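Engineer: What would the 3D arrangement of this be:
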Amino acid sequence: MIMKQFFRLFLLAAIPAMSLQAQSDHNPGSNHGNRFEQLDYLLATPNEYRTASGAPGPKYWQQRADYDIRVDIDEQKNHLTASETVTYYNNAPDVLSYIWLQLDENFHHAKSNNNLDNTGKMPARMTDRQLEEMDVEKVLAGLGLNITRVADALGKPLSYTVNQTMMRIDLPVPLKPGQKFVFNIDWNYKINNKSEVRGRGGYETFPEDGNNLYSITQWFPRMAVYSDFQGWQHLQFTGGAEFALTFGNYKVAITVPSDHIVAATGELRNGKLVLTADQQQRWTVAQTSKEPVEIVTLAEATAALKSKSDAKKTWLFEAENVRDFAFNSSRRFVWDAMPVYIDGRKVMCMSFYGKEAYPIYRKYSTKATAHTLKIYSKYTIPYPYPVAQSVEAANGMEYPMLSMNYGRAEKDGTYREAIKYGALGVIIHEVGHNFFPMIINSDERQWWWMDEGLNTFVQFLTEQEFDLNYPSRRGPAHLITDYMRLPKDQLEPIMTKGDAVANVGANAYAKAATGLNILRETLMGRDLFDFSFREYARRWAFKHPTPADLFRTMEDASAVDLDWFWRGWYFGTDPVDISIDSVKWFRMDDKRNAAAFSQPEFEAIHKQRNKADKSMTYYVDTDTTLRDFYWQYPGADAKMYADMQAKMSEAQKDVQNASKWADKHLYELTFSNKGGMVMPVIVEWTFKDGSKQVDRLPVTIWRSNERQFSKVFVKDKEVVSLRLDPMKETADINESNGMWPVREMPSRFQLYKGGQAMSRGAGGGGNAMQRANAGQ
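Structural biologist: Purely as a prediction, here's the structure:
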């Protein structure tokens, strides 16, 4: 193609490129072949149990454990006594000579490693309480499980060994594939006071009325997971990274004071025996109500606080195909309920809360639970269980069909906006855990992010469908940049083993969730992402997925190569920092076609007269072999022209022959990858007339050179400014080097002073401190 004009070059800006941050490359010394290397060697080899597509294989298997449990709470002594019959099904192709169970309550034992490996220095000043807490033996005295009997189905004692939070039972006869083993365990333990000893469970005492609220969690010996990809999962529970659990069916009899109300995993089977006639009638009304109905009213709960019954009642619950069981018990509970329909199937949504939480929970809790089930079902699989419950228990923890949350009002019934959104956020998050990991059953002991990160992501989607201006703390890319700016020695890969993660909130929750949001909004698009994410949930519902299964499924269902993203965002710590290094502006001049282009500022008189003389002929016209590059482009640089041609796309070259070319503006931009993490390059152009345009360059623009590239853009109008990632969707940690002309970004103090951080419409709500700490 012949170009009929020549370029006049304007160098607008040239920003010196900085060297890419040093990192370990698999192709060291090269500017390519590192970020886009495939993940194959980092993932487990596909097999007949787990396929290369990310789906369960034709010979996938998993174990099962059924429980029949009897438990009694002694309110006077704050003591739990229980017994269980466990039926363990060996669906593995392996012969087992022993089995492992989890004794999570033993993490409260004074001799447990997690109570001995705490580090720290002596502070200059200490309170009496802090001094007392340093005496671990005294604080934890009497805590931990007391195993009183382990026997087979016939009552014959079994040999067992307790190793901190794990117990091995040696089988009298090896358990072959397809066989089951039935055994019994009796145990008891002192329930910890949550205000004195940390933990997800325990009891809370309310001094004003002397009543307790019990949160009974991780309370029974339960089967460890035996899987195809790791054998026994028996990493110790240290109070941090949570649980890997086996699915099964539960029958649980809970004996508590007769004036207590119990919320538990599963369905209540003897409501006629434990509820009053009025409460049963309200329960019937609630089955078809469009608003929450109080089964136990505030008046009844308030009246129950005035005395304590010495009598007891037993509440019977059953749950099918769940991985755990927990319950709450107190005479302080108001209980309300309403149904929600998921794919035409009724699910009873319920809340349990004391009078101090009534102003918030009566208005929001059950409806937020229903909303959560609907939105999570939309993005994963339809919620399969018959009930979902939210209990105000001054914490945030999840169990099948049961979540324990927080959110209490002031004594006068008012509450701050932060408390409202804190309560809503934790309800959505903990109820959402019914999907991750209660159904899509990942192993948090190894991969904290696989349930917390995925759940936080869908929590964000659920919050945004609750209210357009909902002040979500995690999810949007710009909220993770404070964490990603930290020094490298304070960062860790998302794939870091559970208890080794130092900054759990920023890493396992926020960064992992943000990565999924970037995939959905920027890298894959909503349609491809949503289909692939649902496919992952469908494939691995009620199974044990690993990260490889997620990564492979997302690519398999979308035809999008994401290995570069998993490698950089989940296996690496490099931040996104893309800079504009230089901007060059090229305009066209044509000194031959006066009709199509503007006249030059000066034309000599002889030239004017020669052009007017129609009899004049020119040798280069009669013998065109005399024409060369400089005849086409007088005054141009041949080498510069060749370079420009190499950088232009075919479509841009096609434009060169158009008569409108004289009105075009060409811009050569040079970009550098200063952070290390490659990302699509999103360029916003602001033109002289005030209009804007956005160009999106795919991440593969970095494939030939992962450190720097240049590209020519053709525009119809003169550009006055450029900005990278204008909607802050790639988590770029340095906005200032992505602008031309370069602008200083306002400090956080200036943002707050200007009121921007307080604007819900502009920034999604929250306050300046929430924004400063988002993702940390």
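
Engineer: CA atoms for contacts and neighbours, from now on please.
Structural biologist: Fine.

Engineer: Can you tell me what sits against stretch 708-721?
Structural biologist: Contacts of stretch 708-721 with the rest of the structure, by Cα atoms under 8 Å, 6 or more residues apart in numbering, involve 644, 647-648, 652, 663-673, 685-688, 701-702, 739-741.

Engineer: Buried ones among those?
Structural biologist: 648, 663-673, 685-687, 701-702, 739-741 (16 or more other Cα atoms under 10 Å).

Engineer: count of neighbours near the nearest residue to Trp566 once chain neighbours are set aside?
Structural biologist: Leaving aside its chain neighbours, Trp566 sits nearest to Phe551 (7.4 Å; criterion: Cα to Cα, 6 or more residues apart in numbering). Applying the criterion other Cα atoms under 10 Å, we find 19 residues in the vicinity of Phe551.

Engineer: Now go through the contacts of stretch 708-721 and say which are in strands.
Structural biologist: Residues of the contacts of stretch 708-721 located in strands (DSSP state E): 665-673, 685-687, 739-740.

Engineer: State the distance from the residue of the chain most remote from its centre to Pro384.
Structural biologist: Most distant from the centre of the chain: Ser615, at 79.1 Å, with distances by Cα atoms, centre = their mean. Distance, Ser615 to Pro384, using Cα to Cα, to the nearest Å: 92 Å.

Engineer: cool, and Leu519?
Structural biologist: 27 Å.

Engineer: Ok, Pro172 next?
Structural biologist: 38 Å.

Engineer: the more surrounded of the two?
Structural biologist: Pro384 (17 against 12).

Engineer: Tell me which stretches of the stretch 151-300 of the chain form helices.
Structural biologist: Secondary structure of the stretch 151-300 of the chain (DSSP state H, counting those that start in this stretch): helices located at 271-274, 277-286, 298-304.

Engineer: and the last one, what other elements does it pack with?
Structural biologist: Looking back up the chat, that one is helix 298-304. strand 334-342 (3 or more Cα pairs under 8 Å, 6 or more residues apart in numbering; DSSP states H and E).

Engineer: tell me which residues in the strand it packs on are buried?
Structural biologist: For strand 334-342, using 16+ other Cα under 10 Å, the buried residues are Val334, Trp335, Asp336, Ala337, Met338, Pro339, Val340, Ile342.

Engineer: ok, the third one - contacts?
Structural biologist: By Cα under 8 Å, 6+ apart, the contact set of Asp336 is Pro292, Val293, Glu294, Ile295, Val296, Thr297, Met350, Ser351, Phe352, Arg362, Thr366.

Engineer: With pLDDT and neighbour count as added columns, please give those residues in JSON lines.
Structural biologist: Formatted as JSON lines, these follow (pLDDT from 0 to 100; neighbours: other Cα atoms under 10 Å):
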{"residue": "Pro292", "pLDDT": "98", "neighbour count": "23"}
{"residue": "Val293", "pLDDT": "98", "neighbour count": "22"}
{"residue": "Glu294", "pLDDT": "98", "neighbour count": "21"}
{"residue": "Ile295", "pLDDT": "98", "neighbour count": "24"}
{"residue": "Val296", "pLDDT": "98", "neighbour count": "22"}
{"residue": "Thr297", "pLDDT": "98", "neighbour count": "16"}
{"residue": "Met350", "pLDDT": "98", "neighbour count": "28"}
{"residue": "Ser351", "pLDDT": "98", "neighbour count": "28"}
{"residue": "Phe352", "pLDDT": "98", "neighbour count": "31"}
{"residue": "Arg362", "pLDDT": "97", "neighbour count": "21"}
{"residue": "Thr366", "pLDDT": "98", "neighbour count": "30"}
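
Engineer: Out of those residues, flag the one nearest to Ser390.
Structural biologist: Ser351 (4.7 Å; Cα to Cα).
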